[in-house]
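1. Show me the folded form of this:
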Amino acid sequence: MSLSMFCQSIEVSMRTGPDICDITPALIGAIRESGIKSGQLSAAMVGSTGSLTTIEYEPGVVEDLQRAINLLAPPGIDYAHEAAWHDGNGHSHVQAALLGPSIVLPIRNGNLKTGTWQQVVAINHDNHPRKRTVEVTIIGNIG
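-> From the prediction side, this is the model:
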C-alpha cells in the first residue's frame, strides 16, 4: 500500500445566513476521484463567516439548527465588530466561530464513514449571499 494525498476545492453558492447546504455528495465525489480506499478526509471552510458540521439533512433538523444558531449569536444586537466595521455581520463571525471552520472524517473501503442519517453541511452565516469555498484534503492508502 502506498500513502497518497489528494486536494480539491468545492464551490458552494449560498443564500443569506444561516443557510445550510449538504456537501456530502461533493465529498463522496472527491473520495472517488482520489482513489483513496482508507484514510481521512479533512475539509475547511474558507472565510470567517462560514462553518462546517454534520447533521441529519432533513427540513426539520435544518430549521432547528438555523434557529439554534440564531439563538446562540442573534442578529440585531450590539457587537463590537459593528462599531468598527459597520457591515452588520458581527453575529455572522460569532456564529461561525462557535460552530468551527473544519471537520475530519474517516474513509473506509473507499467510502466516507458517516452514520446512516449523517450528512456534512456547509453553513453561510453572513448577512448576504456568498459563494463559499471548501478546501478538501484526503490522505490515505490507495490500495
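2. CA only for contacts and neighbour counts going forward, please
-> Will do.
3. who's the residue nearest to residue 20 when sequence neighbours are not counted bridged to?
-> Of all residues not flanking residue 20 in the chain, residue 123 sits nearest, at 4.6 Å (Cα to Cα, 6 or more residues apart in numbering). Residue 123 has the following beta-bridge partners by DSSP bridges: residue 20, residue 51.
4. cool, residue 55 as well?
-> Going by DSSP bridges, residue 55 forms beta bridges with residue 119.
5. Touching, it and residue 61? I think so.
-> Yes. Between residue 55 and residue 61 there is a contact under Cα atoms under 8 Å: 7.4 Å.
6. So the two - more neighbours on which side?
-> Using other Cα atoms under 10 Å as the criterion, residue 55 and residue 61 rank with residue 55 on top: 15 against 12.
7. what does the helix or strand harbouring residue 92 contact?
-> Assessed by DSSP states H and E, residue 92 sits inside helix 90-99. With contact meaning Cα atoms under 8 Å, 6 or more residues apart in numbering, helix 90-99 is reached by 17, 48-53, 69-70, 72-75, 79-82, 125-127.
8. try 6 Å
-> Residues outside helix 90-99 that contact it (Cα atoms under 6 Å, 6 or more residues apart in numbering): 48, 49, 50, 51, 73, 75, 79, 81, 82, 125, 126.
9. and the fifth one, what does it touch?
-> Contacts for residue 73 (Cα under 6 Å, 6+ apart) come out as 91, 95.
10. quick one: it from residue 132, how far?
-> 21 Å (Cα to Cα, to the nearest Å).
11. ok, how many other residues are close to the closest residue to residue 39 other than its chain neighbours?
-> Spatial nearest neighbour of residue 39, excluding adjacent residues (Cα to Cα, 6+ apart): residue 140 at 3.9 Å. Look at residue 140: counted by other Cα under 10 Å, it has 22 neighbours.
12. Kindly report the same for residue 123.
-> Neighbours of residue 123 (other Cα under 10 Å): 27.
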